[in-house]
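Visitor: Model the following, please.
(chains A, B, C and D)
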There are 2 protein chains.
Amino acid sequence: MTQDGRLIRGERTRSAVLEQALLLATVAGLDGLSLSQVADALGVSKSGLFAHWRSKEALQLAVVDQARAQWTDRVVRLARAAPAGVRRLWAVHDSRLAFYEAKVLPGGCFFANAHFEFNARPGVIRDRLAAELADWMAFLTGLAAEAVELGELRADVSPGGLAYLTESLGVCAVMQAPVLGAETTCGQARRALHEHLRAVATDPTILPELT
Amino acid sequence: MTQDGRLIRGERTRSAVLEQALLLATVAGLDGLSLSQVADALGVSKSGLFAHWRSKEALQLAVVDQARAQWTDRVVRLARAAPAGVRRLWAVHDSRLAFYEAKVLPGGCFFANAHFEFNARPGVIRDRLAAELADWMAFLTGLAAEAVELGELRADVSPGGLAYLTESLGVCAVMQAPVLGAETTCGQARRALHEHLRAVATDPTILPELT
DNA sequence: CTACAAAACGACCGACCGTTCGTAAATATA
DNA sequence: TATATTTACGAACGGTCGGTCGTTTTGTAG
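Guide: Reported below is the predicted structural model:
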């Protein structure tokens, strides 16, 4: 290990592997991910991967971390710029759809893909994905509850129900993207939540107009 | 071939294989499906499968047919009993969620799983899945349009938007099922669409109460 | 009973999988 | 420069995969 703060060699390849593995996993699936393909794509040896992770499963868990970090950076962080309440909830929805439209990941959404892949496969990975989903839903529910407390949404709005609706529209958008095109389906997801929020907001003009 | 109408041996094993393959595919994925496992589960030889389908891909396409037939029988057919219009749209949503709750398929929803699995994998299977999804969305949109024409929904309701919302809630329900339990998540999906339909219906009492 | 065709089988193939292990190169410390 | 440690490598292993082929069983028709 170096004494200064520079990235040592191992850490550089480690993050390069994770980045590449995330890309491949969103296409081939987290389980369908092939260590040979990851290694070949980076020009490193397959056996070298086992110096960083003791097994394929350990690498898969690290990929989940990588996806979470990317999601936090590209979706959650952007939304924190919006003022708390209904506008922040909308910002999350919007930047999430923008993330899909930007096609950062060739396979659409890592978490959606992984959830359906491990739906019926108990184990460490499914538990981890479940925890991530619970976190995410709690985050959305918290945003909705905040909007109610601020008086920006009608008092009879259920934060959990609104979070569920928001998540539903996002998931469906990425599912239909390959069929209808990401722009079309993300547009539908935007319009649907926009209309719904305007309908349950105390001040319908609080949201920006949809272009 | 027999001269009477009885099922000959080949057809019986053929349908038994498809049934078993559908079960396994919803867990391991349509691509992760193993011919050896299918054969072993039925006590037949793997090589015998190639007498019915020339390749794994051909079997996979047949499994899609099988899933479609099951879906039509367990979801669409039930809904046709409801009167046309908003009540039929609701019946589709309700029987679909009941199908999930009944846990007929151990992996949740075959189509949802398959869509996310093949999201970024062009080819015959993805094209087929895309066609199925297009059919399904057209079906939902038609139901919504019918409800508008009958005057049961406000005239400014977009049939496509309503269909998208309905599909979203269903997909998200099956995605979250392993985390929160199918009953909880299907309940949320029911409540969400029920509220929405009551809000946009010309006569809010047209739908049955939610128990 | 014989003849024939549909159906199923067992053995085998090459390819790829995740994993192990002994060794060599690269980089740090002294 | 010499040493120690991290990092990466090539070769090989057992196992599973989809797929092929020749043979045998099964069920019907004549």
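Visitor: Quick check: residues of chain A near DNA strand C?
Guide: In this structure, chain A approaches DNA strand C at residues A:1-3, A:8-9, A:33-37, A:46-47, A:50, A:54-57, judged by C-beta under 7 Å from any atom of the strand. Yep, even glycine has a C-beta here, placed from its N, CA and C like the rest.
Visitor: Which of the residues you listed fall in helices?
Guide: Counting by DSSP state H, the part of these found in helices is A:9, A:35-37, A:56-57.
Visitor: Filter the residues you listed down to the buried ones and hand me the PyMOL line.
Guide: Restricted to buried positions by 16 or more other C-beta atoms under 10 Å in any protein chain shown, the PyMOL selection for these reads:
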select buried, chain A and resi 35+37
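Visitor: CSV for the ones in helices among the residues of chain A next to DNA strand C, including distance to residue A:139 and pLDDT?
Guide: Output for these, formatted as CSV (distance: C-beta to C-beta, whole Å; pLDDT from 0 to 100):
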residue, distance to residue A:139, pLDDT
A:9, 36, 79
A:35, 33, 98
A:36, 37, 98
A:37, 33, 98
A:56, 30, 98
A:57, 27, 98
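Visitor: got a markdown table for the ones in helices among the residues of chain A next to DNA strand C, with distance to DNA strand D too?
Guide: Formatted as a markdown table, those follow (distance: C-beta to the nearest atom of the strand, whole Å):
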| residue | distance to DNA strand D |
| --- | --- |
| A:9 | 5 |
| A:35 | 10 |
| A:36 | 9 |
| A:37 | 14 |
| A:56 | 12 |
| A:57 | 15 |
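Visitor: Out of the ones in helices among the residues of chain A next to DNA strand C, which is nearest to residue B:141?
Guide: Using C-beta to C-beta, the shortest approach to residue B:141 within these belongs to residue A:37, at 39.7 Å.
Visitor: how close does the closest one get to residue A:44?
Guide: According to C-beta to C-beta, to the nearest Å, residue A:37 and residue A:44 sit 12 Å apart.
Visitor: tell me the SS of the residue sitting nearest the centre point of chain A?
Guide: Closest to where the C-alpha atoms of chain A average out (C-alpha atoms, centre = their mean) is residue A:71, at 4.5 Å. The three-state label given to residue A:71 by DSSP: H, G, I helix; E, B strand; the rest coil is helix.
Visitor: wait, isn't it in contact with residue A:114?
Guide: No - applying C-beta atoms under 8 Å, one finds residue A:71 not in contact with residue A:114, separated by 11.9 Å.
Visitor: and residue A:124, what is it in contact with?
Guide: Neighbouring residues of residue A:124 by C-beta atoms under 8 Å, 6 or more residues apart in numbering or on different chains: A:57, A:61.
Visitor: gap between it and residue A:60?
Guide: 9 Å.
Visitor: what's the answer for residue A:32, then?
Guide: Look at residue A:32 and residue A:60: by C-beta to C-beta, they are 11 Å apart.
Visitor: which of the two has more neighbours?
Guide: Legend: neighbour count by other C-beta atoms under 10 Å in any protein chain shown for residue A:32 and residue A:60, higher for residue A:60 (20 against 16).
Visitor: elements contacting the helix or strand hosting the more buried one?
Guide: Secondary structure from DSSP states H and E places residue A:60 in helix A:56-71. Secondary-structure packing of helix A:56-71 (3 or more C-beta pairs under 8 Å, 6 or more residues apart in numbering or on different chains; DSSP states H and E): helix A:9-28, helix A:110-117, helix A:124-149.
Visitor: can you list the weak-confidence ranges in chain A?
Guide: A:1-7 (pLDDT under 70).
Visitor: ok, now with 80
Guide: In the predicted model of chain A, residues A:1-7, A:9-10 satisfy pLDDT under 80.
Visitor: residues from it in reach of DNA strand D?
Guide: By the rule C-beta under 7 Å from any atom of the strand, the part of chain A lying against DNA strand D is A:1, A:8-14, A:39, A:43-48, A:51-52.
Visitor: List only buried entries from these.
Guide: Burial by neighbour count, 16+ other C-beta under 10 Å: within those this picks out A:13-14, A:39.
Visitor: Using a markdown table, lay out those together with distance to residue B:147.
Guide: Output for those, formatted as a markdown table (distance: C-beta to C-beta, whole Å):
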| residue | distance to residue B:147 |
| --- | --- |
| A:13 | 58 |
| A:14 | 55 |
| A:39 | 55 |
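Visitor: Now flag whichever of those residues is closest to residue A:207.
Guide: Each of these was checked against residue A:207 using C-beta to C-beta; the closest is residue A:14, at 42.2 Å.
Visitor: Contacts only, for the residue nearest to that closest one when sequence neighbours are not counted.
Guide: Once flanking residues are discounted, residue A:14 sits nearest to residue A:52: 5.2 Å by C-beta to C-beta, 6 or more residues apart in numbering or on different chains. For residue A:52, the contact set (C-beta under 8 Å, 6+ apart) comprises A:10, A:13-14, A:17, A:59.
Visitor: again with residue A:80
Guide: For residue A:80, the contacting residues are residue A:88, by C-beta under 8 Å, 6+ apart.
Visitor: and residue A:61, what does it touch?
Guide: Residue A:61 makes contact with A:124-125, A:128, according to C-beta under 8 Å, 6+ apart.
Visitor: Can I get those residues in a markdown table including distance to residue A:28?
Guide: Below are the contacts of residue A:61 laid out as a markdown table (distance: C-beta to C-beta, whole Å):
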| residue | distance to residue A:28 |
| --- | --- |
| A:124 | 20 |
| A:125 | 15 |
| A:128 | 19 |
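Visitor: and the end-to-end length of stretch A:76-83?
Guide: One end of stretch A:76-83 sits 13 Å from the other (C-alpha to C-alpha, to the nearest Å).
Visitor: ok, how many other residues are close to the residue nearest to residue A:37 when sequence neighbours are not counted?
Guide: The shortest distance from residue A:37 to any non-neighbouring residue, by C-beta to C-beta, 6+ apart, is to residue A:24 (6.0 Å). Using other C-beta under 10 Å, residue A:24 has 20 other residues around it.
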